[in-house]
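[1] could you work out the structure for the sequence below:
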Amino acid sequence: MTGLPFSQACENNKLPILEVFKRHLSDSARLLEVAGGTGQHAVFFAENFSSLHWQSTDIPSNVDSLNLRIQDASLANLPPAKPLDVNQRPWEVDSFDTIFSANSLHIMSADSVENFFAEVGNHCNENGKLLVYGPFKYNGEFTTDSNARFDLWLKDRDPLSGVRDFEWVNEMANNAGFRFLEDNAMPANNQLLVWQLKA
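    Numbers count the residues shown, from 1 in each chain. The predicted structure is shown next:
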């Protein structure tokens, strides 16, 4: 089907993300994707993990667009996406072995990021994992000049958005019951952070 929503960034990062997923999704039967976007990740990873039930979600206004690609793929382990606004708590979704979100925390407001971490622990099964992809600052410093420029571009578009501090994000994850496992370098000065729910 032509005319599907498309992100070049998703094409660029799906293979590096896949390598991390191979290490962490072997025991996962059900995954919740928060902010599915164009659906490229959902389709690609559902194809690569055929025994993994991949439930994609996005804000209500984007679900129809997200479902165009998901329905076009017609994969048995990839059901239609559901609406999920991180600010509408409690989330009306089940519990999952893994929760994944890409390129979302820097688009949300800080309050929305706090709501995200306030909920993820409630929807993650015992020993479940949380994986978050995107750009981050460390000790208040940008990792590259391009990320600093990206942050200015984000704030010009929406003053409430911006590249988040790793330490702040990690503290919220810890408070939600997760312990930090990995920080993986990704394309275009992004990271893939991995946590596991504490037993």
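[2] so where's the longest helix in the chain?
    Ordering each helix of the chain by length in residues (DSSP state H) puts helix 8-24 first.
[3] hang on, Ser112 in a helix?
    Yes: assessed with DSSP: H, G, I helix; E, B strand; the rest coil, Ser112 lies in a helix.
[4] start the count at 679, not 1, going forward
    New numbering, starting at 679: the last item is Ser790.
[5] from Asp763, how far out is it?
    9 Å (Cβ to Cβ, to the nearest Å). (Glycine included, C-beta is placed from N, CA and C.)
[6] one step back: which residues sit against the longest helix of the chain?
    Applying Cβ atoms under 8 Å, 6 or more residues apart in numbering, the external contacts of helix 686-702 come out as 715-716, 718-719, 722-723, 726-727, 776, 780-781, 807, 809, 811, 860, 862, 864-866, 868, 870, 872.
[7] just checking, what packs against the very next helix or strand once past that helix?
    Counting by DSSP states H and E, the next helix or strand C-terminal to helix 686-702 is strand 708-712. For strand 708-712, the packing partners by 3 or more Cβ pairs under 8 Å, 6 or more residues apart in numbering; DSSP states H and E come out as helix 718-726, strand 731-736, strand 774-780.
[8] low-confidence bits of this protein, can you list those?
    Residues of the chain meeting the criterion pLDDT under 70: 679-680.
[9] tell me where the longest strand sits in it.
    Secondary structure assigned by DSSP state E gives strand 802-812 as the longest strand of the chain.
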